[in-house]
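# Below are the sequence and a predicted model; questions follow.
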Amino acid sequence: MRRWLMLVPLAIFLLVAVFLYRGLYLDPAELPSAMIGKPFPEFSLPAVQGDKTLTKADILGKPALVNVWGTWCISCRVEHPVLNKLAERGVVIYGINYKDTNADALKWLAEFHNPYQLDIRDDEGSLGLNLGVYGAPETFFIDAKGIIRDKYVGVIDEQVWREKLAAKYQALVDEAKP
């Protein structure tokens, strides 16, 4: 009986070690999202710039990236120049300014340029909550009908865009062609 009891801690250790070893090979940018394949949530929120109220209808009609960002986010500062380049190349990008002050967002966009065709002000984080946002930056891929087709968590740099994301965006663009 005592020998068997001595094996229990060893078995628990081995089980934990297997889980930890498996975790070494997981990509932290591939966080699961329950929103994949579902419609973009309904919302009615102010724009960062101007007095317009934006709704889901404003983001329908063409495939796009929906980028969650904040001025408080250090990684967003790294990502922002790449988003500007993508916008110059014709990539449609909508922004969600997440849990931020509008004055800070306006200053950021004036200083670092604005890659967003629309920029939604989500001061309280309600839209982010409905999307299942963990933090910023996070980027959702939506089709022309507003269905969330994919999600990327983390900084989009030139390499990530080229190797992981450009083909996904292009597939949505090709799918939307008549």
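That came in fine, so what should we check first?

# where in this structure is pLDDT low?
Along the chain, segments meeting pLDDT under 70 span 1-8, 10-32.

# And the strands in it, which stretches?
44-46, 53-55, 64-69, 93-98, 118-122, 138-142, 148-153 (DSSP state E).

# I'd like the ones you listed as a markdown table, with mean neighbour count appended.
(Each C-beta comes from the backbone N, C-alpha and C, glycine too.) Output for the strands of the chain, formatted as a markdown table (neighbours: other CB atoms under 10 Å):
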| stretch | mean neighbour count |
| --- | --- |
| strand 44-46 | 15 |
| strand 53-55 | 16 |
| strand 64-69 | 26 |
| strand 93-98 | 26 |
| strand 118-122 | 22 |
| strand 138-142 | 22 |
| strand 148-153 | 20 |
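
# Quick check, residue 164 in contact with residue 152.
Yes: proximity of residue 164 to residue 152 meets the contact threshold set by CB atoms under 8 Å, at 7.3 Å.

# where exactly do the helices run in this structure?
Applying DSSP state H to the chain gives helices spanning 2-23, 74-88, 102-112, 126-131, 158-160, 166-176.

# Leaving out sequence neighbours, find the closest residue to residue 95.
residue 116 (3.6 Å; CB to CB, 6 or more residues apart in numbering).

# Surely that neighbour is in contact with residue 94?
Yes: at 5.9 Å, residue 116 counts as touching residue 94 under the criterion of CB under 8 Å.

# overlap in contacts of these two?
Contact criterion CB atoms under 8 Å, 6 or more residues apart in numbering; residues bridging residue 116 and residue 94 by contacting each: residue 67.

# Which residues does stretch 64-80 contact?
Applying CB under 8 Å, 6+ apart, the contact partners of stretch 64-80 are 40, 59, 83, 86, 91-101, 104-105, 107-108, 112-113, 115-117, 128, 131, 133, 135-142, 154-157, 169.
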